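Asks: Sequence and predicted structure are below.
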Amino acid sequence: MDPPEEKSRCAVNRKLIRPSLHEIKDQINTRQVKKRVSPPEQTHAETFYYLKQMQSRTPMVVVLESGEEIHGIIEWYDKDCLKVNRNAQPNLLIMKRVVKYMYKKNENGHRRTSKEAEGEPDLVFEKSEG
């Protein structure tokens, strides 16, 4: 057996394992640098809405900033414009920047009420300011 002096000497020479103050400061600084990730710029809701209306050939009313209403079916769209097919009238290519809002047209030619929609929300896309 080891004499008690040797045991006490070994205990005195032990080092505690812990990070230095410099390492702790570095960890705190790296945590502060990590910022919250911003949400995506585009949610693709507009794309989904247009595709749904095009596939089902839903009659739509497009209201322009001037107040003019255009009735028809959206044939295609891109980043800047919509192509609207109309009955007994020429088809139109409408720039999105002049569209104030749009909505689904029902059989009577008026905007659908929530009861007519049968639980399906009547989505309206309005031009955002800014």
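Replies: Nice, thanks for sending it over.
Asks: What helix or strand is Gln55 located in?
Replies: Gln55 is located in helix 45-56, with elements delineated by DSSP states H and E.
Asks: Could you look up the next helix or strand downstream of that helix?
Replies: Using DSSP H and E, the helix or strand that follows helix 45-56 in sequence is strand 59-64.
Asks: Leu82: neighbour count?
Replies: 22 (other Cβ atoms under 10 Å). Where you see a C-beta, it was placed from the backbone N, CA and C, and this is true even at glycine.
Asks: And the helices in this protein?
Replies: Along the chain, the stretches classed as helices by DSSP state H are 4-13, 21-33, 45-56.
Asks: which residues of the chain score low on pLDDT?
Replies: 1-16, 29-35, 107-130 (pLDDT under 70).
Asks: contacting residues around the strand ranked longest in it?
Replies: Assignment by DSSP state E gives strand 69-77 as the longest strand of the chain. Contact with strand 69-77 is made by 50, 53-54, 57-64, 82-87, 89, 91-92, 94, 105, 109, as judged by Cβ atoms under 8 Å, 6 or more residues apart in numbering.
Asks: again, 10 Å this time
Replies: 46-47, 49-51, 53-54, 56-64, 82-87, 89, 91-94, 96, 99-100, 102-103, 105, 109 (Cβ atoms under 10 Å, 6 or more residues apart in numbering).
Asks: Likewise for stretch 58-65?
Replies: 50, 52-54, 68-74, 82, 84, 87, 92, 94-107, 109-111, 124, 126-127.
Asks: For ChimeraX, write a command that selects the buried ones of those residues.
Replies: Those of the contacts of stretch 58-65 that count as buried under 16 or more other Cβ atoms under 10 Å are selected in ChimeraX with:
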select :50,53,54,70,72,73,74,82,84,94,99,102,103,104,105
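Asks: What's opposite the residue nearest to Ile94 when sequence neighbours are not counted in the beta bridge?
Replies: Distances taken as Cβ to Cβ, 6 or more residues apart in numbering place Leu82 nearest to Ile94, at 4.9 Å, with adjacent residues excluded. Per DSSP bridges, the residues bridged to Leu82 are Tyr77, Ile94.
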